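Q: Give the three-dimensional model of this entry:
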Amino acid sequence: MACLEDRLKACEEKIADLMGKEKTMVAFSALAEYGGAHGPFDGDTTLVYNTLIANVGDAYNTSTGVFAAPVAGVYCFILSYHAGGHQIAKLTLTKNGEPIVATSDHKSDADTADNGGNAAVLELKRGDQVYVRLAAGAHVWAGNQHTSFSGFLINQM
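A: Sure, this is the predicted structure:
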């Protein structure tokens, strides 16, 4: 009888574990809102998107600009920016210190405004960190909902 009870308990625990995984939701969208031009800075800087649109799962930190994966899985990240053409613009999506994808535009006197973006699907372990780096000497327009960073869990592993 004890063997059946042990097996039943193990099955119940497995079911609870699987149900918990199915309910995990992670999604965020944030804006860089600093009232206008942001940068340039002397060195590469983590761009802190300080205004949340959504933060399901509380994985994005508006103080540090870092998304920390709460569960292992496949995630999608999207970044976009607006910038004046009078200076360079360069943003790099970064995972644990390694560049993944970038979006950029060169300086131009003839081009008064630039827009850019990129996206990536990443396999993350629990605790992996994803963030956007603003290159040294670059700037973005951080106002009026123009520069954003979003991400969401596609599938938990």
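Q: Tell me where this structure has helices.
A: Applying DSSP state H to the chain gives helices spanning 2-23.
Q: what stretches of it score poorly on pLDDT?
A: 1-2, 4, 8, 16, 18-22 (pLDDT under 70).
Q: Let me see the contact set for residue 101.
A: 92-93, 118-120 (CB atoms under 8 Å, 6 or more residues apart in numbering). (Each C-beta comes from the backbone N, C-alpha and C, glycine too.)
Q: gap between it and residue 13?
A: Per CB to CB, to the nearest Å, residue 101 is found 40 Å from residue 13.
Q: Also residue 119?
A: Going from residue 119 to residue 13 by CB to CB gives 38 Å.
Q: Between the two, which has more neighbouring residues?
A: Per other CB atoms under 10 Å, whichever of residue 119 and residue 13 has more neighbours is residue 119, with 14 against 10.
Q: Name the surrounding residues that touch stretch 31-41.
A: Outside stretch 31-41, the residues that touch it by CB under 8 Å, 6+ apart are 45, 47-51, 53, 84, 87-88, 134, 136-143, 145-149.
Q: I'm done for today, thanks for sticking with me.
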